[in-house]
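[1] build the 3D model from these lines:
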Amino acid sequence: MRNKHLLLALAVLFLPPALAGAGTLEALTATADCNAWSAEATVAFRPGATMVLLLFDMQLADSVGVVIEDYHWEQWLEIPATATATYPFGAAWQTPLDRSATMIAFAEVYDARGDVYSLTQGEVVTPLACNAGGGTPEETCRHAARWWLRHRSQWPVTALSLGQVEYDAGQLTHLLRGPHRGQVARRLAHQLAVAKLNLANGVTNDIAESVAAADAWLVAHPLDSRSRHQEPRNNERRAGLRLIKNLCQWNHSGCPDGSQILGDDDEETGKDGLTLDFGDSNQEFTGDLADFEVDEKAAEEVTNLGTLKAMFR
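    Predicted coordinates for the structure are as follows:
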């Protein structure tokens, strides 16, 4: 099988632009906790697609690289009538995790036409921190970005995957500290990184859907140096803003008993941010009001008189 993969990969190197794949991997998302895992591979089909092979692998390894569990699936796909199709995977772990581990989800799509092949692939790395008693510790609290920045020695991982791009600790620190320039992609990557730090620290994974959606959004709209005027508009932009809000609320929700961690309170909001009202409590909505379109501000923009006065002092 590995030899076949190598031959197919080599064939890709000689594909002229006119023979770009009619079947390609459009997105790969994955999430996991101490009890189960799930993933979705989205394949795009273009006119002319006839033979498209999807391969999916999941590997779970402990902190020293010993494989705990793995899964393999491959199948020639039936060409659908729609432009894209999503293929779900997932299962409970054979035994609930009782140690730190890393799950790697990997997908490849081969498009075959005659003697010519094209290949697209993706990978998602998910770190896990589980306790010796099995399951996720119920007492683990969620922290906001500033807590993680002040406690970098307590980070449970040294790298994270955001939108299928790997960030090391230095790059993550820069992302959490740096300005967002009003860009939805930067703000979403910021909140997604904080959420993944919380999950890796052992917080109950009840945000899996938003995390997977945020990864998929960043795959479709990669984080780069573009200005906000070059970012997605309309529905795609609103979807990104909703994900930012969901992740921000979750990251600021504190401990399971409702208490807040010292250092996570909103009195420490920086001058480059505003404290926005999310309903029951004031929480920092990282970034500035330029992140919202005029018609979105009415629905999203809520602040108080004290905050506005402070802006002009």
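[2] could you pull out the strands for the stretch 101-250 of the chain?
    101-113, 116-128, 159-162, 165-168 (DSSP state E, counting those that start in this stretch).
[3] would you map the helices across the protein?
    Using DSSP state H, the helices of the chain run over residues 2-12, 145-150, 169-177, 184-200, 208-220, 234-251, 294-300, 305-311.
[4] looking at those, which is buried most?
    Mean neighbours per residue, mean count of other Cβ atoms under 10 Å, is largest over the helices of the chain for helix 184-200, with a mean of 25. No exception for glycine: its C-beta is placed from N, CA and C like everyone else's.
[5] for it, what is the average pLDDT?
    The average pLDDT for helix 184-200 rounds to 91.
[6] give the contact list for residue 156.
    100, 127, 129, 197, 200, 201, 202 (Cβ atoms under 8 Å, 6 or more residues apart in numbering).
[7] in this structure residue 213 contacts residue 240, no?
    No: using Cβ atoms under 8 Å, residue 213 and residue 240 do not qualify as a contacting pair, with a distance of 9.6 Å.
[8] that older thread, could you dump the helices of the chain into CSV with distance to residue 121 added?
    CSV is the format used below for the helices of the chain (distance: least, Cβ to Cβ, whole Å):
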stretch, distance to residue 121
helix 2-12, 9
helix 145-150, 31
helix 169-177, 22
helix 184-200, 22
helix 208-220, 13
helix 234-251, 24
helix 294-300, 36
helix 305-311, 47
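[9] now for these, which one comes closest to residue 66?
    Nearest to residue 66 among these is helix 184-200 (18.8 Å), distances taken as Cβ to Cβ.
[10] so what secondary structure elements neighbour the closest one?
    Contacts defined by 3 or more Cβ pairs under 8 Å, 6 or more residues apart in numbering; DSSP states H and E place helix 184-200 against strand 116-128, helix 145-150, strand 159-162, helix 169-177, helix 208-220, helix 234-251.
[11] rerun that using 10 Å as the cut-off
    Under the contact criterion of 3 or more Cβ pairs under 10 Å, 6 or more residues apart in numbering; DSSP states H and E, helix 184-200 touches strand 23-32, strand 116-128, helix 145-150, strand 159-162, strand 165-168, helix 169-177, helix 208-220, helix 234-251.
[12] now the angle between strand 116-128 and that helix, please.
    Using axes from the mean of the first three to the mean of the last three Cα atoms, to 10 degrees, the inter-axis angle of helix 184-200 relative to strand 116-128 is 50 degrees.
[13] what's the angle between helix 184-200 and helix 234-251?
    Using the same axes, to 10 degrees: helix 184-200 against helix 234-251 is 30 degrees.
[14] spit out the contact partners of residue 92.
    By Cβ atoms under 10 Å, 6 or more residues apart in numbering, the contact set of residue 92 is 35, 36, 37.
[15] which of those count as buried?
    Buried by 16 or more other Cβ atoms under 10 Å: residue 37, out of the contacts of residue 92.
[16] what's the neighbour count on the residue nearest to residue 84 when sequence neighbours are not counted?
    In this structure, residue 84 finds its nearest non-sequential neighbour in residue 44, 5.1 Å apart by Cβ to Cβ, 6 or more residues apart in numbering. As a burial measure, residue 44 scores 19 neighbours (other Cβ atoms under 10 Å).
[17] what's near enough to touch residue 44?
    By Cβ under 10 Å, 6+ apart, the neighbours of residue 44 are 21-27, 52, 82-85, 109, 120.
[18] so can I have CSV of the strands of the stretch 101-250 of the chain showing mean neighbour count, distance to residue 31 and mean pLDDT?
    Compiled in CSV, those are given as follows (neighbours: other Cβ atoms under 10 Å; distance: least, Cβ to Cβ, whole Å; pLDDT from 0 to 100):
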stretch, mean neighbour count, distance to residue 31, mean pLDDT
strand 101-113, 22, 9, 90
strand 116-128, 20, 6, 88
strand 159-162, 21, 11, 87
strand 165-168, 14, 17, 88
